[in-house]
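> The sequence isn't on hand, but the structure is:
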DNA sequence: TAGTGGTCTAGACCACTAT
DNA sequence: TAGTGGTCTAGACCACTAG
């Protein structure tokens, strides 16, 4: 069997192979063990190093693992890694089998505070867009989210309807600004009254606070966000590796 | 300048290069930008692919980042990534500049419960070692930790004094069992009374619960642990990447 | 012994950035 | 134009595992 890849240089071969394998894994095309690296190289008509690059990606997600001298195997634990969802709240909820929706509570331009200035690498007096959203999953409150974006990078951002459009899609399609990596700090807290009310929990109930700063490929910070999850509805899963 | 590496095959060249670069980065040997990949290849007398493997490791930790057509740069944000500390509590505390210590509260052999059986892939009736420790940083309670280990993998584990020896060191040196990767689930909770007392916080205070399952290279689970951190003392930092 | 993943080489071409 | 990182090739040898 010879699989064909797009070779016009727009999408790296290893990315295409990784995505193809991901689909096949999700559809249980492999019982447990994947074809050997040499066989995959032949199947996709690429070198073995290219196959290894594709497998490395899936390995770091915890989707597969290797045994020296034995082979490559599918990780049968059905983990849904938070890391994998560097695409935003909506995608993560969908992958969890939930229907996401949002309520925009606030959207305005304002002066950046000291923490936001530091996160986004801004100077004194810089302005940001401040977006406050209630995030729902299956129409039930899941998280309260405060997002800050540098105003100078996204002129006229307030012209977009963020009720209907994904923020990341707006940034990507209209400003050519795409997330590439991010820093996240997770901590536990007691819900302040105003946020507890929005989330539908009692004041002081435990919440998981995820503070995320998102960067482009050239390491420019484009977003600082605080997502306050209901502890009874959300847990964050990570996959750690000595190779990372 | 020609750097020499150990070439007896015991430690991969890319690992040695990564560690050498890590030290140089910590000592601010590079102002901001690293030498180019081609220059590093020459300096260490290896191929460029080997250098890239070393850099990939540091990139996934968030220690460095790349700009196409420009170069490789040190990430100046002083983040202390939780992922990097796949070595245990002690190492993580030291990297945070704190002095770690432990108090063993319980250490016994017992029948595995259903959750532990699932985590460790054990059958009904299997036994585990149960270890309960209070983890201190600078002599102040930081976390309460419950650890489960398959008894059949670690016979006579109870002969070791875990007050003085690192658990991971004991497993590595005496049972040749080394952690290679792990799954972690993080959630927020309210501290139950008994644990709150140990941690020195009021009952119901927010805590960050980290549930970790540790695997060897051949994907055998060797440990299931629940670490309950004081929310006022601990936050977990992660670095996420599209390449992972 | 045959097959596997882990490592490594010595090149190559590309798109991109800075000058 | 020169230099950079991103990608890819077509090999190679090794340690390891299974039969």
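Yes, it's here. Here the structure is a predicted model, which is why all the values come from computation and not from measurement. Residues are numbered from 1 along each chain as shown, chains lettered A, B, ... in the order given.
> in the helix or strand encompassing residue A:20, what's buried?
With elements delineated by DSSP states H and E, residue A:20 resides in helix A:13-26, which encompasses its position. Neighbour-count burial for helix A:13-26, with 16 or more other Cβ atoms under 10 Å in any protein chain shown as criterion, is recorded at A:13-14, A:16-18, A:20-22, A:25. The way it works is simple: take the backbone N, C-alpha and C, and place the C-beta from them, glycine included.
> Show me the shaky parts of chain A.
Chain A contains residues with pLDDT under 70 at A:1, A:244.
> Whichever residue of it sits closest to DNA strand D: what's it in contact with?
Checking chain A residue by residue against DNA strand D with Cβ to the nearest atom of the strand singles out residue A:69 as nearest, at 2.5 Å. Residue A:69 makes no contacts at all, as judged by Cβ atoms under 8 Å, 6 or more residues apart in numbering or on different chains.
> where does it land in three-state SS?
At residue A:69 the chain is in coil, as set by DSSP: H, G, I helix; E, B strand; the rest coil.
> Against residue A:210, how distant is it?
Going from residue A:69 to residue A:210 by Cβ to Cβ, to the nearest Å gives 40 Å.
> Can you give me the end-to-end span of stretch A:118-133?
Between the opening and closing residues of stretch A:118-133 there is a gap of 22 Å (Cα to Cα, to the nearest Å).
> do stretch A:74-87 as well
By Cα to Cα, the extent of stretch A:74-87 from end to end equals 23 Å.
> Check stretch A:201-208 too.
13 Å.
> which other residues reach that stretch?
Contacts made with stretch A:201-208 from outside it, assessed by Cβ under 8 Å, 6+ apart, are listed as A:186-193, A:195-197, A:199, A:228-232, A:234-236, B:186-190, B:204, B:206-208.
> and the helix holding residue A:20, what does it pack onto?
Identification of packing neighbours for helix A:13-26 by 3 or more Cβ pairs under 8 Å, 6 or more residues apart in numbering or on different chains; DSSP states H and E yields helix A:37-44, helix A:48-60.
> Closest to the centroid, which residue in chain A?
With the centre of chain A defined as its mean C-alpha position, the nearest residue by Cα atoms, centre = their mean is residue A:86, 1.3 Å away.
> check contacts around that residue.
Taking Cβ under 8 Å, 6+ apart as the definition, contacts of residue A:86 comprise A:179, A:181-182, B:240-242.
> Make JSON lines out of the residues you listed and add neighbour count, distance to DNA strand D and secondary structure.
Putting those into JSON lines (neighbours: other Cβ atoms under 10 Å in any protein chain shown; distance: Cβ to the nearest atom of the strand, whole Å; DSSP: H, G, I helix; E, B strand; the rest coil) gives the following:
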{"residue": "A:179", "neighbour count": "20", "distance to DNA strand D": "15", "secondary structure": "coil"}
{"residue": "A:181", "neighbour count": "22", "distance to DNA strand D": "11", "secondary structure": "strand"}
{"residue": "A:182", "neighbour count": "21", "distance to DNA strand D": "17", "secondary structure": "strand"}
{"residue": "B:240", "neighbour count": "25", "distance to DNA strand D": "16", "secondary structure": "strand"}
{"residue": "B:241", "neighbour count": "18", "distance to DNA strand D": "11", "secondary structure": "strand"}
{"residue": "B:242", "neighbour count": "14", "distance to DNA strand D": "10", "secondary structure": "coil"}
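> Between all of the residues you listed, which two are separated the most?
Using Cβ to Cβ, the pair of the contacts of residue A:86 lying farthest apart is A:179 and B:241, separated by 10.1 Å.
> and stretch A:214-229 with DNA strand D, contact?
No. For a cut-off given as Cβ under 7 Å from any atom of the strand, stretch A:214-229 has no contacts with DNA strand D; the smallest distance is 7.8 Å.
> Span of that stretch from start to end?
Start to finish, the residues bounding stretch A:214-229 are 18 Å apart (Cα to Cα).
> try stretch A:61-71
Using Cα to Cα, the distance between the terminal residues of stretch A:61-71 is 18 Å.
> cool, stretch A:2-14 as well?
Start to finish, the residues bounding stretch A:2-14 are 16 Å apart (Cα to Cα).
> which residues touch it?
Under Cβ under 8 Å, 6+ apart, the answer for stretch A:2-14 is A:16-17, A:20, A:43-46, A:50-51, A:53-54, A:57.
> chain center to that stretch, what's the gap?
Centroid separation for stretch A:2-14 versus its chain: 24 Å, with Cα atoms, centre = their mean, to the nearest Å.
> residues of it that come out buried?
Neighbour counts over stretch A:2-14 (16+ other Cβ under 10 Å) mark A:5, A:13-14 as buried.
> so which of those residues also contact DNA strand C?
Subset of the buried residues of stretch A:2-14 in contact with DNA strand C: empty, counting by Cβ under 7 Å from any atom of the strand.
> Around DNA strand C, which positions in chain A sit nearby?
When proximity is defined as Cβ under 7 Å from any atom of the strand, chain A approaches DNA strand C at A:9, A:34, A:36-39, A:48-49, A:52, A:66-72, A:218.
> Can you flag the buried ones in those?
Among these, those classed as buried by neighbour count (16+ other Cβ under 10 Å) are A:34, A:37, A:52, A:66, A:72.
> Turn those into CSV, including distance to chain B.
Written out in CSV, the entries for those read as follows (distance: Cβ to the nearest Cβ, whole Å):
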residue, distance to chain B
A:34, 14
A:37, 16
A:52, 10
A:66, 8
A:72, 11
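> Which two of these have the greatest separation?
A:34 and A:52 (12.2 Å).
> what's next to stretch A:47-65, contact-wise?
Looking at stretch A:47-65 with Cβ under 8 Å, 6+ apart, the contacting residues turn out to be A:13-15, A:17-18, A:21-22, A:25, A:34, A:37-38, A:40-41, A:44, A:66, A:72-75, A:79, A:81, A:83-84, A:239, A:241, A:243-244, B:49, B:60, B:181, B:183, B:215, B:219, B:243-244.
> Identify the residue spatially nearest to residue A:15, adjacent ones excluded.
What sits nearest to residue A:15 in space, not counting adjacent residues and going by Cβ to Cβ, 6 or more residues apart in numbering or on different chains, is residue A:54, at 7.4 Å.
> Over to residue A:120?
residue A:221 (4.7 Å).
> phi, psi of residue A:84?
The phi and psi torsions at residue A:84 (degrees, to the nearest 10) take the values phi -60, psi -20.
> do you know how far the residue lying closest to it once chain neighbours are set aside is from residue A:137?
In space, residue A:84 comes closest to residue A:61 once its chain neighbours are excluded; the distance is 5.4 Å by Cβ to Cβ, 6+ apart. From residue A:61 across to residue A:137, the span is 22 Å (Cβ to Cβ).
> the more surrounded of the two?
Each of residue A:61 and residue A:137 had its neighbours counted (other Cβ atoms under 10 Å in any protein chain shown), and the higher figure belongs to residue A:137 (22 against 18).
> Run through the residues that contact the nearest residue to the more buried one once chain neighbours are set aside.
Distances taken as Cβ to Cβ, 6+ apart place residue A:98 nearest to residue A:137, at 4.0 Å, with adjacent residues excluded. For residue A:98, the contact set (Cβ under 8 Å, 6+ apart) comprises A:137-138, A:142.
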